[in-house]
Every structure is written in C-alpha cells, then in structure tokens.
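Novice: Generate a structure from the sequence data that follows.
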Amino acid sequence: MLNKKWIILAILLCACPVFAATVQLQQGGVSFPASVPGVALSSYISLANAVSTIGPTTTDLYCDVPTTLIANLTVPANIRLIVTPSGVISYSTYTITLDAPPIAGPYQIFSGTGQVTFGNPPDRIYSQWWGGGE
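Specialist: Model (predicted):
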C-alpha cells in the first residue's frame, strides 16, 4: 500500500511540479507533511539550481531524484527538504548545510566524504541517512 502512495506522489510531482498539498504520507514511521507550496527537485537541473531559483519563498522541496553537489551548498531555512527513498544527495568532498531540518525516514539520503551540517538539527537523526544500519 505504501508503494502506491509513492507512485501517486511521483505522478503528482511530475505532472505538476508546483502544488499545494494537504496530504500526509508515511514512510518508515515518518510523516511527510506538505503544508506549504512544494516543488519537485526533478523539475530543476540540480539542487543548487533549485535553491537559487526558489530564493526566499517558503517552499517544501521534494528531493525525488538522486542529486550530486559540485560545490559547497547551503539550503536556507525557508526551504524544507523532504527526501524520498530515491532522493540520495551525493555531496562528495563538499559541505552541505541544511538550515531547516530535513524530513526523511530511516533510509539513506546522504552519500559522500565531505560534511553535512544542520543549522537547525532535526528532532531525530537516523544512522541510515548515511547508509548505516539500525
């Protein structure tokens, strides 16, 4: 049943990259609320491009595809990353700073040897975010 929810979300994100949703999805016991306008990362050429294009607008950014950093990046507090199981962020030797806590379940969302820093730490950090076990 959960897989159908992800398929529906993917269809919505592909069909309409900017939307206002009131649906909450569950993945690994974590809610994915969409209370502000959201956009799919797949509608941009990169995470850096999405951050630059979104600018100061309060936005949920659904990280629905793998992405690779080519420089250090700060995702400001007005952009909340909601990372799906297919949205791994490869940061290589760079630093990614998330000023708003990411929303993700207990699955890998980061890959690299650089640094991940949180301006506002999430309530829960999973070792699986970096590919670790439970």
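
Novice: C-alpha from now on. contacts and neighbour counts both.
Specialist: Noted.

Novice: Next, count neighbours for Ala40.
Specialist: For Ala40, the count of nearby residues is 22 (other C-alpha atoms under 10 Å).

Novice: my bad, should have said Ile96
Specialist: 22.

Novice: what comes into contact with the helix or strand hosting it?
Specialist: Using DSSP states H and E, Ile96 falls within strand 95-98. Contact with strand 95-98 is made by 71-77, 114-120, as judged by C-alpha atoms under 8 Å, 6 or more residues apart in numbering.

Novice: quick one: which of the residues you listed is nearest Tyr91?
Specialist: Nearest to Tyr91 out of the contacts of strand 95-98 is Gly114 (C-alpha to C-alpha; 6.4 Å).

Novice: Skipping adjacent residues, who's closest to the closest one in space?
Specialist: Thr93 (3.9 Å; C-alpha to C-alpha, 6 or more residues apart in numbering).

Novice: would you list the contacts of strand 95-98 in JSON lines and tack on neighbour count, pLDDT and distance to Ala50?
Specialist: JSON lines is the format used below for these (neighbours: other C-alpha atoms under 10 Å; pLDDT from 0 to 100; distance: C-alpha to C-alpha, whole Å):
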{"residue": "Ala71", "neighbour count": "12", "pLDDT": "97", "distance to Ala50": "14"}
{"residue": "Asn72", "neighbour count": "15", "pLDDT": "98", "distance to Ala50": "14"}
{"residue": "Leu73", "neighbour count": "17", "pLDDT": "98", "distance to Ala50": "11"}
{"residue": "Thr74", "neighbour count": "16", "pLDDT": "98", "distance to Ala50": "12"}
{"residue": "Val75", "neighbour count": "21", "pLDDT": "98", "distance to Ala50": "10"}
{"residue": "Pro76", "neighbour count": "16", "pLDDT": "98", "distance to Ala50": "11"}
{"residue": "Ala77", "neighbour count": "16", "pLDDT": "97", "distance to Ala50": "14"}
{"residue": "Gly114", "neighbour count": "13", "pLDDT": "95", "distance to Ala50": "21"}
{"residue": "Gln115", "neighbour count": "16", "pLDDT": "97", "distance to Ala50": "20"}
{"residue": "Val116", "neighbour count": "17", "pLDDT": "97", "distance to Ala50": "18"}
{"residue": "Thr117", "neighbour count": "12", "pLDDT": "97", "distance to Ala50": "19"}
{"residue": "Phe118", "neighbour count": "16", "pLDDT": "97", "distance to Ala50": "19"}
{"residue": "Gly119", "neighbour count": "14", "pLDDT": "95", "distance to Ala50": "19"}
{"residue": "Asn120", "neighbour count": "13", "pLDDT": "92", "distance to Ala50": "20"}
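
Novice: Great, nothing more from me.
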